[in-house]
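> With the sequence up front, the predicted model follows.
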Amino acid sequence: MSQILSVALVVNPNAGKQKIIEELDHIEETLLKHFQKVETFQTKGPEEVDDLIDSIHQTYDLIIGAGGDGTIYQLANALSRLNHRPVFAVLPGGTANDFSRALGMSQDPLEALDQIIQCHIEPIDIGYDGDQYFLNFWGIGLITTVSQQVNNKDSLGRLSYYLSTLQNMKEAKPFHVKIESDEFHFDGEAVMVLVGNSPFTGGVRAFFPSNNLQDGTFDVLIIKQSTMPSFIEMFRSRLQQAPPEHEDLVYGQAKKIRVVTEPNLEIDCDGERRFTTPSTIVNLPQHLQLVVGDFKSQT
Ligand SMILES: Nc1ncnc2c1ncn2[C@@H]1O[C@H](COP(=O)(O)OP(=O)(O)OP(=O)(O)O)[C@@H](O)[C@H]1O
């Protein structure tokens, strides 16, 4: 990997508690002490991100995304579709910050800045469903209602994720799903399908505690029925960092899967809901170069 000389800091000024905006002068000064060229770009909205990355990706060796998971999703999508992809780093500025956690980045933006300056770079797997790229997870069913509720309750943060999961379990609506992959098949009723790339979902290692961002495979979890015992088993497997074992839970690993549902369903991809099934989801092994923190202990 060539040396990092030039840095673009892309900031979402509306993310999280805006700590990054308060510290912006300090962040820029610190970066300038370590890199030859530093420029900051504040975006007004998601619609600006693709054009911005298109115009700067040849100029900078490193793009630092400062914002929450929504901002990082936009930047990862803009970068992943390029042929020449600069190194990417995440300065956590949201509430959940799933991806920065998976990379072992500190949740304190200034500590994360120190980690970025260390410039430890690792190649990271990215998911692609034909419409969009994802870093953390791709899901249908229960997960879409859960993450909607998390978005509506920012202040409750991670706890709200678990509470809303519990609440939604009673309301989970089954759908028919057919899953095909080289590794396993499923054809039946389910309330949720989750395809995990990173171990984190909603700020916690809830479903795939030992997922690996560099192995070229997804972890796949199908919940056939949302019953209390299956939910408890998910927590047990999480605590023991082992795949869940319960008749209502189907767990597998795959490099590429085809998901067809009846009816077509809204997809939740890293917390963003833009597309619907059917989908073919592929793992793009080590597609982006990411600056990581305490990474090995996270995977
Ligand atoms: N590129 C962008 N530039 C400016 N504002 C944005 C951009 N993307 C999203 N926003 C606005 O900023 C808000 C927060 O964005 P983001 O999802 O990055 O952070 P968060 O919701 O605080 O974090 P998290 O998703 O980790 O909980 C969004 O609700 C949206 O209104």
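Perfect, I can see it now. Numbers count the residues shown, from 1 in each chain.
> so which strand or helix has the closest residue to residue 291 other than its chain neighbours?
Spatial nearest neighbour of residue 291, chain neighbours left out: residue 89 (3.7 Å); criterion: CB to CB, 6 or more residues apart in numbering. Where you see a C-beta, it was placed from the backbone N, CA and C, and this is true even at glycine. Using DSSP states H and E, residue 89 maps to strand 87-92.
> cool, and residue 230?
Going by DSSP H and E, residue 230 is in helix 228-240.
> sorry, back to before: is the strand holding residue 89 anywhere near the ligand?
No: Strand 87-92 lies out of reach of the ligand by CB under 6 Å from any ligand atom, never closer than 7.7 Å.
> if we look at the helix or strand that the helix holding residue 230 is followed by, which residues are touching it?
Note on helix 228-240: by DSSP H and E, the next helix or strand toward the C-terminus is strand 249-254. By CB atoms under 8 Å, 6 or more residues apart in numbering, the residues outside strand 249-254 that reach it are 181-184, 186, 217-224, 230, 233-234, 243-245, 283.
> ok, and what's touching the helix or strand that strand 249-254 is followed by?
Following strand 249-254 in sequence order, the next helix or strand is strand 256-262 (DSSP H and E). Strand 256-262 has contacts (CB under 8 Å, 6+ apart) with 140, 175-182, 193, 195, 218, 220, 277-283.
> Rounded mean pLDDT for whatever helix or strand comes next after strand 256-262, please.
The element immediately downstream of strand 256-262 (helix or strand, assigned by DSSP H and E) is strand 268-269. Strand 268-269 shows a mean pLDDT of 92.
> Buried residues, stretch 217-228. List them.
For stretch 217-228, burial by neighbour count (16 or more other CB atoms under 10 Å) applies to 217-227.
> Touching it from outside, list them.
Contact with stretch 217-228 is made by 127, 141-142, 168-170, 172, 174, 177, 179, 181, 184, 186, 188-197, 207-208, 211, 230, 244, 247-255, 257, 281, 283, as judged by CB under 8 Å, 6+ apart.
> need the residues of this structure near the ligand, please.
Contact residues, the chain versus the ligand (CB under 6 Å from any ligand atom): 12, 14-16, 43-46, 49, 67-71, 74, 94-97, 271.
> Could you give the bridge partners of residue 121?
Beta-bridge partners for residue 121, by DSSP bridges, are residue 291.
> Tell me who's in contact with it.
By CB under 8 Å, 6+ apart, the contact set of residue 121 is 1, 87, 289-292.
> same deal with residue 74?
46, 49-50.
> Is residue 193 within a helix or a strand, and which one?
Per DSSP H and E: residue 193 is located in strand 192-196.
> Can you give the contact residues for that strand?
127, 136-143, 172, 177, 179, 201, 207-208, 211, 218-223, 226, 257, 259, 281.
> Ends of stretch 194-211, what's the gap?
With CA to CA, to the nearest Å as the measure, stretch 194-211 spans 13 Å from end to end.
> ignore the last one, stretch 42-53
Using CA to CA, one end of stretch 42-53 lies 12 Å from the other.
> before we move on, what about stretch 92-100?
6 Å.
> ditto for stretch 258-268
End-to-end distance of stretch 258-268: 16 Å, with CA to CA as the criterion.
> quick revisit: is it true that the residue nearest to residue 291 touches residue 290?
Yes: judged on CB atoms under 8 Å, residue 89 makes contact with residue 290 at a distance of 6.9 Å.
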